[in-house]
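Q: I would like to see how this sequence folds:
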Amino acid sequence: MKTIYDYKVLEFSGNEKSLHEYTGKVVLIVNTASKCYFRNQFKTLEKLYLKYKDQGFEILAFPSNDFLNQEPRTGLNLETYCRLNQQISFPVFKRIHVKGDYVHPLYKFLQTKELNGNVNVRPFWNFHKYLINKNGEVVNYYYSFTPPLSTKIQNHIEHLLSQ
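A: Okay, here's the model as predicted:
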């Protein structure tokens, strides 16, 4: 069975980054959009990241324009928005497709049980979240309306960090 460690993604610089670098960490993968109603989750995602990052937790954000064109920014404009406007310190990667004919291979994996062995749910909107255990396996997902600082998400993260 594959894991997230089998995938590569592009940084804003255009450099390819292997997700193998996150081996042994608990990871929350989120598709984001700067014009979305849920964009206030950037700030709560940052709080979640700061709370657990020293314990082996990462958040990986993947901007996407797939839902009502709510992520029109690209490149430096998008990176500036994330880093300066939203004051995000967790990794944010180049804009990708999270659904449809051109879905990024990582997102195809995240949403397909035949590939990941556990979850069969595609993002229905921006700020859909997938939780990954220390072995790189998809273990849970949360819809957009689930706040990053919810007890549910934090309990799941704490449980995985303790393993």
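Q: what sits against the spatially most central residue of the chain?
A: When Cα atoms, centre = their mean is applied to the chain, the residue found nearest the centroid is I29 (2.0 Å). For I29, the contact set (Cβ atoms under 8 Å, 6 or more residues apart in numbering) comprises I4, I59, L60, F62, L106, L110, K129, Y130, I132. (Each C-beta comes from the backbone N, C-alpha and C, glycine too.)
Q: next one: D101
A: Contacts of D101 (Cβ under 8 Å, 6+ apart): none.
Q: any idea which element E114 lies in?
A: Remark: E114 resides in helix 113-116, with elements defined by DSSP states H and E.
Q: likewise for V30?
A: strand 26-32.
Q: and the host helix or strand of A61, C-alpha only, in PDB?
A: Element membership for A61, per DSSP H and E: strand 57-63. This file holds the C-alpha atoms of strand 57-63, laid out as PDB (Å, rounded to 0.1, in the frame of the first residue of the first chain):
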ATOM      1  CA  PHE A  57       3.100  17.700  13.800                       C
ATOM      2  CA  GLU A  58       3.000  19.400  10.400                       C
ATOM      3  CA  ILE A  59       0.300  21.100   8.300                       C
ATOM      4  CA  LEU A  60       0.700  21.000   4.500                       C
ATOM      5  CA  ALA A  61      -1.500  23.500   2.600                       C
ATOM      6  CA  PHE A  62      -2.300  23.100  -1.000                       C
ATOM      7  CA  PRO A  63      -4.100  26.100  -2.600                       C
END
